[in-house]
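Undergrad: No letters, just coordinates:
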């Protein structure tokens, strides 16, 4: 079984989503909006039999470090 990893990251003008190191979607105005978009994308991977992991940084450190 494959596993797709979605990372929500701070972008210069908002938030972006990376899936397995590749940018998907556009720039989102909030971290929550990016999470919603990543969740929708992840549902298609789950439907196709893949596992998923969604990483969202904490509020205190937007880079997740």
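TA: Looks like it came in fine. Note that the coordinates shown come from a computational prediction; the quantities given were computed from them, not determined experimentally. Residues are numbered from 1 along each chain as shown.

Undergrad: The spatially closest residue to residue 11 that is not a sequence neighbour: neighbour count?
TA: Leaving aside its sequence neighbours, residue 11 sits nearest to residue 27 (Cβ to Cβ, 6 or more residues apart in numbering; 5.4 Å). Using the backbone N, CA and C atoms, a C-beta is placed for each residue, glycine as well. If you count neighbours by other Cβ atoms under 10 Å, residue 27 ends up with 14.

Undergrad: Partner strands of the helix or strand where residue 27 lies, with direction?
TA: Secondary structure assignment for residue 27, by DSSP states H and E: strand 22-28. Using DSSP bridges, the strands paired with strand 22-28 in its sheet are strand 14-19 (antiparallel).

Undergrad: in the strand it pairs with, what counts as buried?
TA: 15, 16, 17, 18, 19 (16 or more other Cβ atoms under 10 Å).

Undergrad: The first one contacts residue 36, doesn't it?
TA: What that stands for is residue 15. No - using Cβ atoms under 8 Å as the test, residue 15 is too far from residue 36 to be in contact (10.9 Å).

Undergrad: hmm, back to that, so the residue nearest to residue 11 versus residue 8, what's the distance?
TA: Taking Cβ to Cβ, to the nearest Å as the measure, residue 27 and residue 8 are separated by 12 Å.
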